[in-house]
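Asks: the sequence and its predicted three-dimensional model are supplied below.
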Amino acid sequence: MTTTARRREEVPDLLTRPPSGTREFVDEWAHLLVDPVRQLAMLADLFEVGLLSWAEYERFKQGVRDL
């Protein structure tokens, strides 16, 4: 059996991905994106309930602001 060389255009590339601005990408990965406003609200809630100290709240808040 002999194989003939195929042109590059005929061979699919398994390592390609769609551009990051496509709608499919946004729909599939939107739940992984970080919403800093929501995170700050959750931190404030944890602080108000007493689950975070003031120092912990400030440290986590700075981490959210650095995003």
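Replies: Yep, that arrived. Numbering: from 1, shown residues only.
Asks: low-confidence regions, the protein specifically.
Replies: Residues of the chain that meet the criterion pLDDT under 70 lie in 1-3, 6, 8-32, 67.
Asks: the longest helix in it is where?
Replies: Using DSSP state H, we find that the single longest helix of the chain is helix 36-49.
Asks: could I get the buried residue list for that helix?
Replies: Buried residues in helix 36-49, defined by neighbour count with 16 or more other Cβ atoms under 10 Å: 39, 43, 47. Glycine gets a C-beta too; all of them are placed from N, C-alpha and C.
Asks: which residues does the second one contact?
Replies: To tie it back to what came earlier, the one meant is Leu43. 52, 57, 60-61, 64 (Cβ atoms under 8 Å, 6 or more residues apart in numbering).
Asks: so which of those residues are in helices?
Replies: Residues of the contacts of Leu43 located in helices (DSSP H): 57, 60-61, 64.
Asks: of these, which is the nearest to Val34?
Replies: Closest approach between the ones in helices among the contacts of Leu43 and Val34, by Cβ to Cβ: Val64, at 8.2 Å.
Asks: I'd like to know how many residues surround the closest one.
Replies: Number of residues near Val64 (other Cβ atoms under 10 Å) recorded here: 16.
Asks: my guess is it contacts Gln39, does it?
Replies: Yes - the criterion here is Cβ atoms under 8 Å, and Val64 meets it with Gln39 at 4.8 Å.
Asks: ok so, going back, any chance of the buried residues of helix 36-49 in a markdown table, plus distance to Ala5?
Replies: Formatted as a markdown table, the buried residues of helix 36-49 follow (distance: Cβ to Cβ, whole Å):
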| residue | distance to Ala5 |
| --- | --- |
| Gln39 | 54 |
| Leu43 | 59 |
| Phe47 | 65 |
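Asks: now, among those, which is nearest to Thr4?
Replies: Nearest member of the buried residues of helix 36-49 to Thr4, counting by Cβ to Cβ, is Gln39, at 56.6 Å.
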